[in-house]
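Trainee: Take this sequence and fold it.
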Amino acid sequence: QNPEQAERTAQEGADALVVEGGSDLLERLTEIHRRTGLPLLAEAEKDLDRAKELLRVEGVKGLQLRSPALLHAAATAELPGFVRLAEIPSQVLGEGAAPLPGMKIRNLDIRYPIVQGGMGVGVSWEGLA
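Mentor: Just a heads-up that it's a prediction; the model follows:
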């Protein structure tokens, strides 16, 4: 939440920090990175341009996405740094790995499997469903 708490957490051995959003987020990210040098995950709001701005702050290595719109933007590669499933290199899946099977539901041809993730805050909203 603040640079002092971040310093204590870093001293306790944290490898990275998630920084809570708010109107002063950009300033806090800069100060927390200056004090700790740790990689930061910024809590993104609902605005795509603001999320892109957060990714340009020194030390920010990723975002904690909090809205269906940003989750969609990440899935469609509108957010820098997020990789679409279709773009995962073969070394991740292994050489000669079989392609993921498709699925047909009524008139929809789904190229990739549907995966149910954890239903924590931010991923269980009606817009994502």
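
Trainee: all strands for the chain, in order.
Mentor: For the chain, the strands defined by DSSP state E occupy 17-19, 40-43, 60-64, 103-105, 108-110.

Trainee: now those in a markdown table, with mean neighbour count and mean pLDDT?
Mentor: Just so you know, the C-beta spots here come from the backbone N, C-alpha and C atoms, and that holds for glycine as well. Formatted as a markdown table, the strands of the chain follow (neighbours: other CB atoms under 10 Å; pLDDT from 0 to 100):
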| stretch | mean neighbour count | mean pLDDT |
| --- | --- | --- |
| strand 17-19 | 19 | 91 |
| strand 40-43 | 20 | 90 |
| strand 60-64 | 18 | 86 |
| strand 103-105 | 9 | 77 |
| strand 108-110 | 9 | 78 |
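
Trainee: Reformat those as JSON lines; add distance to His72.
Mentor: Shown next, in JSON lines, are the strands of the chain (distance: least, CB to CB, whole Å):
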{"stretch": "strand 17-19", "distance to His72": "21"}
{"stretch": "strand 40-43", "distance to His72": "18"}
{"stretch": "strand 60-64", "distance to His72": "13"}
{"stretch": "strand 103-105", "distance to His72": "19"}
{"stretch": "strand 108-110", "distance to His72": "16"}
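
Trainee: Ignoring the adjacent residues along the chain, who's closest to Arg28?
Mentor: Residue nearest to Arg28 in three dimensions, not counting chain neighbours: Val19, with 6.2 Å by CB to CB, 6 or more residues apart in numbering.

Trainee: So Gln5 versus Lys61, what's the distance?
Mentor: For Gln5, the distance to Lys61 equals 19 Å [CB to CB, to the nearest Å].

Trainee: same for the biggest helix by length in the chain, what does it pack against?
Mentor: If you go by DSSP state H, the chain has its longest helix at helix 25-36. Applying 3 or more CB pairs under 8 Å, 6 or more residues apart in numbering; DSSP states H and E, one finds that helix 25-36 contacts helix 3-11, strand 17-19, strand 40-43, helix 48-55.

Trainee: just the ones you listed: most buried one?
Mentor: Among those, ranked by average contacts under mean count of other CB atoms under 10 Å, first place goes to strand 40-43 (a mean of 20).

Trainee: Could you export that strand as PDB, CA atoms only?
Mentor: C-alpha atoms of strand 40-43 as PDB (Å, rounded to 0.1, in the frame of the first residue of the first chain):
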ATOM      1  CA  LEU A  40       6.300  -4.700  -9.200                       C
ATOM      2  CA  LEU A  41       2.800  -5.800 -10.200                       C
ATOM      3  CA  ALA A  42       0.500  -2.800 -10.400                       C
ATOM      4  CA  GLU A  43      -3.200  -3.200  -9.600                       C
END
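
Trainee: Alright, I will stop here.
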